[in-house]
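S.K.: Here is my input, please return the structure:
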Amino acid sequence: MAVKILIVDDDPDIRDILKLTLSEENYEVIEASDGEEALKAIQSKAPNLVLLDYKIPKLDGRQVCMRIKKDLLLSHLPIIMVTGKGDISDKVGGIDAGADDYVVKPFEPKELLARIRMILRRTERDLEANPLTRLPGNVSILNELSGRLEKQEPLAVCYVDLDKFKSYNDKYGFEHGDEVIRETARILIRSTQEKGNPEDFIGHIGGDDFVVITTPDKVDNVCRKIIADFEKVSPSFYNETDRKKGFIMAKDRKGQIQKIPLLSVSIGVVTNETRKIEHIAQIGEVGAELKSYAKSLERSNYVKDKRQNSSTK
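M.R.: Okay, the predicted model is just below:
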């Protein structure tokens, strides 16, 4: 997969120079001419790195940088701030706002490429993450579970999955589907921060599958918060007609045209409250079984070990 770099500069000549420079390394280039356009491109195109001019219209480089670094899904996105020669305050402002590095115009192309390579290497090393949500991926999830099983701590593992997502993707397309995935990740982060523990973990298995690792005393409130927030936002993923109807006409998994309800969320919760968990595979097997049962119920639900369940109905 090509590495995508977003160039943000209101000067088309500078953008052309940067495009030429980046083409030497076969980077895929995305362009934006102001701060607002940059934020939209970051949300929709998921670049791997941003080259951000400090002085741009609408929102300046510092403001753009601060917004990116405050968003938990984007905070790991590396940013190189581009400043004018001798503008010390711009350099300081960029670094204070969270920029990972800066280059000064006029820049030396070889030095810029070397800095980009260095930052991309560092980011890849630091963050084994899902490219869409920037949440930790499968390696990190397995490491986290292994560490907690070894310590024999109180454990509650939530397997989170969206219902009817394939039908939604088929009708609305992958870009809308990707935004649903990102918004789901934000809901998981917010819910866990508000109702869980500071050391709780959120991972993205892939597609519309996530994991939240918390403790048995917090898990009910975390799941209820996830469900409430998802149910609140779910209608906004649809156009007005489908929203009012409360369903879409789409193919089910057997290829039959059906009335498909609006997106909901199912959570299977595995805990070590009443049984000892010996290995990770055990968590996966029980979690899949519980999640499958949750998906058979109407709307958003979570199901725990011993078949305790709750719903938003």
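S.K.: The helix or strand hosting V82 - which strands sit beside it in the sheet, and in what orientation?
M.R.: Secondary structure assigned from DSSP states H and E places V82 in strand 79-83. Note on strand 79-83: by DSSP bridges, its sheet partners are strand 49-53 (parallel), strand 101-104 (parallel).
S.K.: Can you tell me the SS state at V270?
M.R.: strand (DSSP: H, G, I helix; E, B strand; the rest coil).
S.K.: residues contacting it?
M.R.: Going by Cβ atoms under 8 Å, 6 or more residues apart in numbering, V270 touches 155-157, 159, 277, 283, 286-287, 290, 305. No exception for glycine: its C-beta is placed from N, CA and C like everyone else's.
S.K.: what mean pLDDT does the longest helix anywhere in the chain have?
M.R.: Determined from DSSP state H, the single longest helix within the chain is helix 174-195. Taken as a whole, helix 174-195 has a mean pLDDT of 95.
S.K.: what comes up buried for that helix?
M.R.: Using 16 or more other Cβ atoms under 10 Å as the burial criterion, the residues of helix 174-195 that qualify are 177-178, 180-185, 187-189, 191-192, 195.
S.K.: likewise stretch 250-264?
M.R.: 250, 258, 260, 262-264.
S.K.: Point out where this structure drops to low pLDDT.
M.R.: The chain contains residues with pLDDT under 70 at 1, 72-73, 85-88, 90-91, 94, 125-128, 252-253, 306-313.
S.K.: residue closest to the middle of it?
M.R.: T133 (1.8 Å; Cα atoms, centre = their mean).
S.K.: show me what contacts V303?
M.R.: By Cβ under 8 Å, 6+ apart, V303 lies in contact with 266-269, 290-291, 293-294, 297, 309.
S.K.: could you say which helix or strand contains it?
M.R.: strand 301-304.
S.K.: In strands only, show me the contacts of V270.
M.R.: 156-157, 159 (DSSP state E).
S.K.: Of the strands paired with strand 79-83, which stretch is the most buried?
M.R.: strand 49-53 (a mean of 26; mean count of other Cβ atoms under 10 Å).
S.K.: Report the angle between the helix or strand following that one and strand 49-53.
M.R.: Using DSSP H and E, the helix or strand that directly follows strand 49-53 along the chain is helix 61-70. Inter-element angle recorded for helix 61-70 and strand 49-53: 150 degrees (by axes from the mean of the first three to the mean of the last three Cα atoms, to 10 degrees).
S.K.: Could you single out the nearest of the contacts of V270 to E240?
M.R.: Y159 (33.0 Å; Cβ to Cβ).
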